[in-house]
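> what follows is a predicted protein model with its sequence.
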Amino acid sequence: EPEVTQTPSHQVTQMGQEVILRCVPISNHLYFYWYRQILGQKVEFLVSFYNNEISEKSEIFDDQFSVERPDGSNFTLKIRSTKLEDSAMYFCASSERSGDQPQHFGDGTRLSIL
Amino acid sequence: QKEVEQNSGPLSVPEGAIASLNCTYSDRGSQSFFWYRQYSGKSPELIMFIYSNGDKEDGRFTAQLNKASQYVSLLIRDSQPSDSATYLCAVKGNNNDMRFGAGTRLTVKP
């Protein structure tokens, strides 16, 4: 069964550094998403992406964050000037033809900021 | 603020019983409703989705939606110990954002 693939599974970074989290969505999916889940808290929507542009973003997704689809398969989340509170699980998801279709999640990247 | 509320639990049921999980949401414009299962340390896994009022059944799972009451529920019949997990209710409105509840932790005791 096709799946969303995320790399790395765990990223450890010094505070103030930039990180790039990578995702390969399911191949025929057109909508891509990033979520984060701070330990013990709810899954929080960050951003949705369609047709090479952001279609929706949450209040969390400020200028520190950016997304990109650099080629036909990868979808990346860049976090600049990381802070301790950025430590969380980051999940990538994708869905088929429309945003109403169910979203399928990758296994996540655990980001630890030291 | 679009809120999705769930009873955090824990909800404990004996093996073979019916587990009932509930969720309410604040955005009347919400269009799509999803239930995900999340094992500890793992990613959310899609269980059910429902778009229209009424019931939708898939195997041991039944999703129920009442838009007038802004209420969605998940029933798990013949609960198994492997069903022990946190169940996340997710709601999507007209925009391309999906909001999650905090989840209900379910324990099925053998």
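Yep, that arrived. Numbering: from 1, shown residues only, chains lettered A, B, ... in the order given.
> surely A:S73 and A:V24 touch.
Yes: shown here, A:S73 and A:V24 form a contact pair, counting by C-beta atoms under 8 Å, at 5.3 Å. Placement of C-beta: from N, CA and C, glycine included.
> neighbour count: those two, which is higher?
Between A:S73 and A:V24, counted using other C-beta atoms under 10 Å in any protein chain shown, the more crowded position is A:V24 (16 against 11).
> isn't A:T109 up against A:V12?
No: using C-beta under 8 Å as the test, A:T109 is too far from A:V12 to be in contact (11.0 Å).
> looking at those two, which is more packed in?
A:T109 (22 against 12).
> residues in contact with the more buried one?
Contact analysis of A:T109 by C-beta atoms under 8 Å, 6 or more residues apart in numbering or on different chains lists A:Q6, A:T7, A:P8, A:S9, A:H10, A:Q11, A:L21, A:M89, A:Y90.
> enumerate the residues of chain B near chain A.
B:31-32, B:34, B:36, B:42-46, B:49, B:51, B:88, B:90, B:92, B:95-103 (C-beta under 8 Å from any C-beta of the partner chain).
> possible to save the contacts of A:T109 as CSV with distance to chain B?
Formatted as CSV, the contacts of A:T109 follow (distance: C-beta to the nearest C-beta, whole Å):
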residue, distance to chain B
A:Q6, 9
A:T7, 14
A:P8, 15
A:S9, 11
A:H10, 12
A:Q11, 16
A:L21, 14
A:M89, 8
A:Y90, 10
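> if any of those residues are buried, put those into a PyMOL selection.
This is the PyMOL syntax for the buried subset of the contacts of A:T109, where burial follows 16 or more other C-beta atoms under 10 Å in any protein chain shown:
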select buried, chain A and resi 6+11+21+89+90
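> show me where chain B has strands.
Assigned by DSSP state E, chain B shows strands spanning B:4-6, B:11-14, B:19-25, B:32-38, B:45-50, B:54-58, B:61-66, B:71-76, B:85-92, B:98-100, B:104-109.
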